[in-house]
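A.B. asks: Need a 3D model of the following:
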Amino acid sequence: MLAGFIQQLNSLAVPEEFLIRLTFYIVAGLTIFFAFRIVISRNIFHSAIFLALALIGVAAVYLYLDAEFLAVVQILIYVGAVVTLFIFAIMLTEKMHDRTIRQANKGVLTSAIVALALFYILINVIEKGAWRESAARDGGLRELGRSLMSTYALPFEVMSLLLLVALVGAIVIGKTGKE
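C.D. replies: Model (predicted):
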């Protein structure tokens, strides 16, 4: 089906750059939509699913930036590990759907102002940055691998140990009182 659609677009002489931009805007729009749904969803499990979808969208944006390693790491660590940990914690938590739990945020205006300020700062940083030039100049994936296994080996191992402790802690907290 997709191959037929691509052939049809090629027969219409649609420029390839237009297709790349169009798919980027679709992916970015879906990522923003899922991020918005994380915030407004009243069901915490649905928020976790929307978080996974938003993080997959971020990985797709990394692919557009020719950062394949970051896209794979995004999928493996954040979607594969962190969101899975969130879902386990949600499933192991008792009384998650209790009606007495307050589910409304009273700081909506403050949160909106902070979010808009951060968005403004982010847009300014993106517009003024020379992203492509710095990524090509830094040596890419090979240099990143060398620095992770030499200069940053200890912080890398500490982070993996910290993630392991968090996972064991979540399991212990989830099992407490169920015996």
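
A.B. asks: alpha carbons only for contacts and neighbour counts from here, please
C.D. replies: OK.

A.B. asks: so residue 62 is in which element?
C.D. replies: helix 44-64 (DSSP states H and E).

A.B. asks: Could you list every helix and strand that that helix packs against?
C.D. replies: If you count contacts as 3 or more Cα pairs under 8 Å, 6 or more residues apart in numbering; DSSP states H and E, helix 44-64 packs onto helix 16-40, helix 68-73, helix 83-92.

A.B. asks: What mean pLDDT does the second one get?
C.D. replies: So that's helix 68-73. When the per-residue pLDDT values of helix 68-73 are averaged, the result is 86.

A.B. asks: who does that helix touch, helix- and strand-wise?
C.D. replies: With contacts taken as 3+ Cα pairs under 8 Å, 6+ apart, helix 68-73 sits against helix 44-64.

A.B. asks: in the helix it packs on, what's buried?
C.D. replies: If you call a residue buried by 16 or more other Cα atoms under 10 Å, then helix 44-64 has these buried ones: 44-45, 47-63.

A.B. asks: try stretch 27-35
C.D. replies: For stretch 27-35, the neighbour count (16+ other Cα under 10 Å) marks 27-28, 30-31, 34-35 as buried.

A.B. asks: can you check stretch 71-85 too?
C.D. replies: For stretch 71-85, by 16+ other Cα under 10 Å, it's 71-72, 74-75, 78-79, 82-85.

A.B. asks: Any chance of those residues in a markdown table with distance to residue 166 as columns?
C.D. replies: A markdown table is the format used below for these (distance: Cα to Cα, whole Å):
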| residue | distance to residue 166 |
| --- | --- |
| 71 | 23 |
| 72 | 22 |
| 74 | 19 |
| 75 | 19 |
| 78 | 14 |
| 79 | 16 |
| 82 | 10 |
| 83 | 13 |
| 84 | 13 |
| 85 | 9 |
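
A.B. asks: in the protein, what secondary structure element scores lowest on mean pLDDT?
C.D. replies: helix 131-137 (a mean of 55; mean pLDDT, DSSP states H and E).

A.B. asks: Residue 58 and residue 37: what is the separation?
C.D. replies: Residue 58 is 15 Å from residue 37, where distance means Cα to Cα, to the nearest Å.
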